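J.: The sequence and its predicted three-dimensional model are supplied below.
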Amino acid sequence: MFAHPWLLTLLAIPALLIAHQWCTDARALPLPFDHQQTKNSRFLTILLNSVNTLPYLLLAIAILLIAGPRKFEQPKSKRKLTNIMFVLDVSGSMSASFGEKDQYEVAMDSLNGFLDYRKGDAFSLMVFGDHNLRWVPLTTDVSAFRCAPPFLHPNKLPPWFSGGTSIGKALKQAEKYLVTAEEGDRMIVLLSDGWSSDLGDGNDAKVAASLQENKITTFTIHIGGGEAPDEVSVISHMTGGQTFAAGDPGALDAIFQKIDTMTQAPLERLTPDPVDHFRPYLYTAFGIGAAYLLSLFGLRYNPW
């Protein structure tokens, strides 16, 4: 392809000159000897006409260069964006001991570790107890996550906020935020150690159906001893996610690594951009120019 294809019409000029060179019997420098009867050499005639054609070929290449030859570069790929919202339980029970730290601190450490090796995605953080608060909106800048732990510890939150565990309410609110993402996949990672009363009486299936309709995959990590409540397991299963139980801090890190391998975003092919493509034309021009220059050192019409 060419940036200025209309200039290619000028190729008619070198084409006519080449046709004239091959169709006429005139020589470059007519001499009186030319009018004598001499034996013609067909090979020499073809060779000389070919040499005299070289300047016209250079003119044709010059026109092609001015027209701006272009080609499409190799298509590139980029990792498809995933919008991941962490929904973190900050109820009072999350301050229970969990290894050398409490459950909240270990959860925050593992969450930030997940951000270190999960590149190219957008992240958001919501904390919840009886109520919920989106602390970090969807962003690819994770610096706010590093600063969050001291401010969201259950012991520092008011009792009216962290007095219970309303998982259903938090998931519905997280869904409202995620559906505003214009591109990319959507995923919720729920971290909690408790059971939620607002998921009973079939509400778990209703929440899961709404998440499924909006294509939001939910992974649940139950922190502490025992198994995750059946209600959150239903939500994870219906949305295409999975439920994990983290009985110790090491297991929590392993779960995050497992989620990362399960949710690797596919690569999407980008449309290749046109770029200048002068090199083959220049190489050809240099070759033709060198051949013509060498011919000037002795290859010419000789009438005797």
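T.: Here it is on my side, so go on.
J.: now the strands: where do they sit in the stretch 1-150 of the chain?
T.: Using DSSP state E, counting those that start in this stretch, the strands of the stretch 1-150 of the chain run over 70-72, 77-79, 82-89, 97-98, 101-102, 122-128, 132-139.
J.: And the next helix or strand past the worst-scoring helix or strand of the chain on mean pLDDT?
T.: In the chain, the helix or strand scored least confidently by mean pLDDT, DSSP states H and E is strand 267-269, which has a mean of 52. Using DSSP states H and E, the helix or strand that follows strand 267-269 in sequence is strand 274-276.
J.: Pull up the pairing partners for that following strand, direction included.
T.: Here strand 274-276 is paired, per DSSP bridges, with strand 70-72 (antiparallel).
J.: now the strands of the stretch 1-150 of the chain as JSON lines including mean neighbour count, distance to Phe244 and mean pLDDT?
T.: Placement of C-beta: from N, CA and C, glycine included. JSON lines is the format used below for these (neighbours: other Cβ atoms under 10 Å; distance: least, Cβ to Cβ, whole Å; pLDDT from 0 to 100):
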{"stretch": "strand 70-72", "mean neighbour count": "13", "distance to Phe244": "45", "mean pLDDT": "78"}
{"stretch": "strand 77-79", "mean neighbour count": "11", "distance to Phe244": "24", "mean pLDDT": "56"}
{"stretch": "strand 82-89", "mean neighbour count": "24", "distance to Phe244": "14", "mean pLDDT": "92"}
{"stretch": "strand 97-98", "mean neighbour count": "16", "distance to Phe244": "15", "mean pLDDT": "90"}
{"stretch": "strand 101-102", "mean neighbour count": "15", "distance to Phe244": "19", "mean pLDDT": "92"}
{"stretch": "strand 122-128", "mean neighbour count": "23", "distance to Phe244": "19", "mean pLDDT": "92"}
{"stretch": "strand 132-139", "mean neighbour count": "17", "distance to Phe244": "22", "mean pLDDT": "91"}
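J.: quick one, which of those is nearest to Ile235?
T.: In terms of Cβ to Cβ, the element of the strands of the stretch 1-150 of the chain nearest to Ile235 is strand 82-89, at 11.2 Å.
J.: What strands line up against the closest one, and which way round?
T.: Assessed with DSSP bridges, strand 82-89 is paired to strand 122-128 (parallel), strand 185-192 (parallel).
J.: Buried ones in the last one, by neighbour count?
T.: In this case it means strand 185-192. By neighbour count on 16 or more other Cβ atoms under 10 Å, the buried set for strand 185-192 is Asp185, Arg186, Met187, Ile188, Val189, Leu190, Leu191, Ser192.
J.: And for the last one, nearest residue in space, chain neighbours not counted?
T.: Read that as Ser192. If the residues on either side of it in the chain are set aside, Ser192 comes closest to Asp89, at 3.7 Å by Cβ to Cβ, 6 or more residues apart in numbering.
J.: try the fourth one
T.: In this structure, Ile188 finds its nearest non-sequential neighbour in Thr218, 4.5 Å apart by Cβ to Cβ, 6+ apart.
J.: And that neighbour, which helix or strand is it part of?
T.: strand 216-223.
J.: returning to what we had before: could you export the buried residues of strand 185-192 to CSV, including columns for pLDDT and distance to Ala205?
T.: Formatted as CSV, these follow (pLDDT from 0 to 100; distance: Cβ to Cβ, whole Å):
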residue, pLDDT, distance to Ala205
Asp185, 86, 23
Arg186, 90, 19
Met187, 91, 20
Ile188, 93, 16
Val189, 93, 21
Leu190, 94, 16
Leu191, 93, 22
Ser192, 92, 18
